[in-house]
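Visitor: Next come a sequence and a model predicted from it.
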Amino acid sequence: MLKGKTALVTGSTSGIGLATARALAADGANIMINGFGDKAAIEKERAGLEKEFGIKARYSPADMSKPGEIAEMIATTEKEFGALDVLVNNAGIQHVANIEDFPVEKWDAVIAINLSSSFHAIRAAIPGMKKRKWGRIINIASAHGLVASAQKVAYVAAKHGLVGMTKVVAIEAANDGITCNAICPGWVLTSLVQKQIDDRAKASGKSVREEEIALLSEKQPMHSFTKPDGIGALAVFLASDAASTITGSAYSIDGGWVAQ
């Protein structure tokens, strides 16, 4: 469905972002990946996308805390591929502390990466989308874009802001062939989460599965993790023509977290 289109996925050198980039590439889209990490590993992923899916893939090292680098990445994508059709704002960081102990610099960093970077990317990308009368903007928010948890003031504020931004963009671009939606995952089984579970099991002497259930049960009725591939598949659907009138929506993929 996306053959001939170009997608940019921020924070896509690992985890949810990489899974989403792979899903879009599997559907035929050329890909601009972005993020930090080992240069050799990133190049391996980039080349692997081209070889496996027969598309063109490029890499931008743009720092998502720097508006100028974000704008340059958008411009480079449009120059390299001729257009930017699908923008997936995925880059994110986390810090956990009570609000009175929350470092100001950590607040600023989380807001910059998790919220402001999406504004800067959308602001730079939407003129070209409006000109071509076609675009898909997908913001990777969180269950924390809809509900709150203690000790995550910056993350929750940023993700709530991202859901609100999604609605504004959807309204403004409603008749320009552009949709804007948010995906709100709950617990996602990434390598970092798996390490957390393994460490808990080692410390408690319980099985990994017991610790999985304990962790999931803190928030979700369903004792199953969302997989990055599932988020990628939802992004592909939202980028498709079948979703052409779906806009301004926040899609929960969270094992029932926000249904409670």
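Guide: Alright, I've got the coordinates.
Visitor: What's the biggest helix in this structure, counting residues?
Guide: Across the chain, the longest stretch assigned as helix under DSSP state H is helix 153-172.
Visitor: any idea which helix or strand of the protein has the worst average confidence?
Guide: Sorting the helices and strands of the chain by mean pLDDT, DSSP states H and E puts helix 191-204 at the bottom, at a mean of 90.
Visitor: just checking, what packs against it?
Guide: Applying 3 or more Cβ pairs under 8 Å, 6 or more residues apart in numbering; DSSP states H and E, one finds that helix 191-204 makes contact with helix 208-217. From N, CA and C alone the C-beta is placed, and that goes for glycine too.
Visitor: related to what we said a few turns ago, next, the angle helix 208-217 makes with the least confident helix or strand of the chain.
Guide: Comparing the axes of helix 191-204 and helix 208-217 via axes from the mean of the first three to the mean of the last three Cα atoms, to 10 degrees yields an angle of 120 degrees.
Visitor: What's the end-to-end length of stretch 51-64?
Guide: From its first residue to its last, stretch 51-64 covers 27 Å (Cα to Cα, to the nearest Å).
Visitor: all helices for this structure, in order.
Guide: Here the chain has its helices, by DSSP H, at 15-26, 39-53, 67-81, 104-111, 117-132, 153-172, 191-204, 208-217, 228-239.
Visitor: Flag whichever of those has the least confidence on average.
Guide: In terms of mean pLDDT, the lowest-scoring of the helices of the chain is helix 191-204 (a mean of 90).
Visitor: Which positions within that one qualify as buried?
Guide: Using 16 or more other Cβ atoms under 10 Å as the burial criterion, the residues of helix 191-204 that qualify are 197, 200-201.
Visitor: Return the member of these nearest to residue 185.
Guide: residue 197 (16.7 Å; Cβ to Cβ).
Visitor: How much space separates the nearest residue to that closest one once chain neighbours are set aside from residue 33?
Guide: Nearest residue to residue 197, sequence neighbours excluded (Cβ to Cβ, 6 or more residues apart in numbering): residue 211, at 5.1 Å. Here residue 211 is placed at a distance of 32 Å from residue 33 (Cβ to Cβ, to the nearest Å).
Visitor: who's more crowded, these two?
Guide: residue 33 (25 against 19; other Cβ atoms under 10 Å).
Visitor: Deepest in the core, which of the helices of the chain is it.
Guide: helix 15-26 (a mean of 25; mean count of other Cβ atoms under 10 Å).
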